[in-house]
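K.L.:
Pasting a predicted model and its sequence here:
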Amino acid sequence: MSLLSQKHLLGIEHITKEDIKLIFETATEFKEVLQRKIKKVPSLRDITIANLFFENSTRTRISFELAEKRLSADVINFSAASSSTKKGETLIDTVNNILAMKVDMIVMRHPNPGAHLLLSKHIDAQIVNAGDGTHEHPTQALLDAFSMQEQLGDLKGKKIAIFGDIKHSRVALSNIYCLQKLGAKVKVCGPPTLIPKYIESLGVEVSYNAQETLEWCDVANILRIQLERQDIKYIPSLREYNIAFGITKKMLDSLDKKIVVMHPGPMNRGVEIESDVADSEHSIILQQVENGVAIRMAVLYLLAGKGS
Ligand code: CP
C-alpha cells in the first residue's frame, strides 16, 4: 500500500506537495545510508522490481538499479532491443508476462507519452515512470528540486530558470510542476521555436534572452537540444544555438551574484553549456546524479508502503 497519495509515480502533475516533502525527508535518510561503509538496508528484500527500458538511458537506468539493490530488492533488467517486443508483442502483453513471474513493481522508460498511464489501467503492479517521451520524468524533477533545496534551503520564492529545448523536454515539464508545487518561480529561456505555446498557461514566464535570464535567476537548469525528437528543424544549427543560448563562463562571471548551475544530462559540451561552466564551482551536476539514487530509493520505498 503506497504511502504517497498515488499508487504509481506516473508524473509530478498528480502528486501533492506533501508527497514531495515526504520523498525528500525519506531521501535525506537514505542519503545518510549511502555515506556508510555498507550502503545497504533490507527494506525491500521481499520485493522484486523489473526495470523496463524501451529507450536509451545511462543515469536513470543505473540509478534505479543501484537504488533497488541498496534497498535489497530482487532486480531484473529488460532492454527493448533484445526482447520479444521486436517480434510484435504488445507492451501490455510483455508486462503481464513479466508480472506472471511474480514481479511486484515496474520501473519503465518508454518513448510514448502516456505509455505508463495506459499500462496502469491494465496491470496491478505499481509503476514508476522513468521518462515517457516528451511528457514527464518525475524522478529527475524530484532529484533536481532536492539538489536545489540542498543549495538554497526552502524553494519558496526562489527563481529557477530552465534553458534549452523546452518543447521536447520531459525534464522541463516535470521540473515546472515540481518547482511550482514547492513555491518557486519558474522562467524558461530558449528560441521561440523550442518553447511551446501552452507554457505560459502553466504560470511560467518566458524569456528569449539568456544573459537577462541569468541575471534574474538563482538556479540555471540547462537542458540539451533533443535532435532525436525533432521531426523538423527548429533551429538553424547547433552552432547558432550555442551563440545565442549557450551558457559561458564569461556570462556567469559578469553576474554580481553566484548562481547554481545544473544539467540533467546527457550534456552536449560546447552546445548548451561550455566545459568551464559544467566543471565550475557553480555546477552541482554530479551532486544531482548522486542525489538521484537516494531519491529513487525513497520513491520505491514509499510506493512499496514501507515507511514508518
Ligand atoms: N537525465 C537522464 O534521464 O539521463 P539518462 O537519459 O542517461 O537516463
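P.N.:
Looks like it arrived, so ask away.

K.L.:
Quick check: the gap between Gly133 and Ser275.
P.N.:
With distances taken as Cβ to Cβ, to the nearest Å, Gly133 is found 30 Å from Ser275. C-beta here means a position set from N, CA and C on the backbone, and glycine is covered the same way.

K.L.:
now swap in Gly183 and tell me
P.N.:
Gly183 is 34 Å from Ser275, by Cβ to Cβ.

K.L.:
Kindly report the residues of the chain close to the ligand.
P.N.:
Ser57, Thr58, Arg59, Thr60, Gly131, His137, Gln140, Pro264, Gly265, Pro266 (Cβ under 6 Å from any ligand atom).

K.L.:
what about the third one, neighbour count?
P.N.:
The one in question is Arg59. 15 (other Cβ atoms under 10 Å).

K.L.:
List the contacts of the residue nearest to it when sequence neighbours are not counted.
P.N.:
Leaving aside its sequence neighbours, Arg59 sits nearest to Gly265 (Cβ to Cβ, 6 or more residues apart in numbering; 5.5 Å). Counting by Cβ atoms under 8 Å, 6 or more residues apart in numbering, Gly265 touches Thr58, Arg59, Ile285, Val289.

K.L.:
my hunch is that Gly265 is in a strand, does that hold up?
P.N.:
No. Applying DSSP: H, G, I helix; E, B strand; the rest coil, one finds Gly265 to be coil, outside a strand.

K.L.:
More neighbours: which of Gly133 and Ser275?
P.N.:
Gly133 (17 against 11).

K.L.:
pLDDT at the closest residue to Ile12 other than its chain neighbours, what is it?
P.N.:
Among residues not flanking Ile12 along the chain, Tyr177 sits closest, at 4.0 Å (Cβ to Cβ, 6+ apart). Note for Tyr177: predicted pLDDT of 98.

K.L.:
what about Tyr177, which helix or strand?
P.N.:
helix 170-181 (DSSP states H and E).
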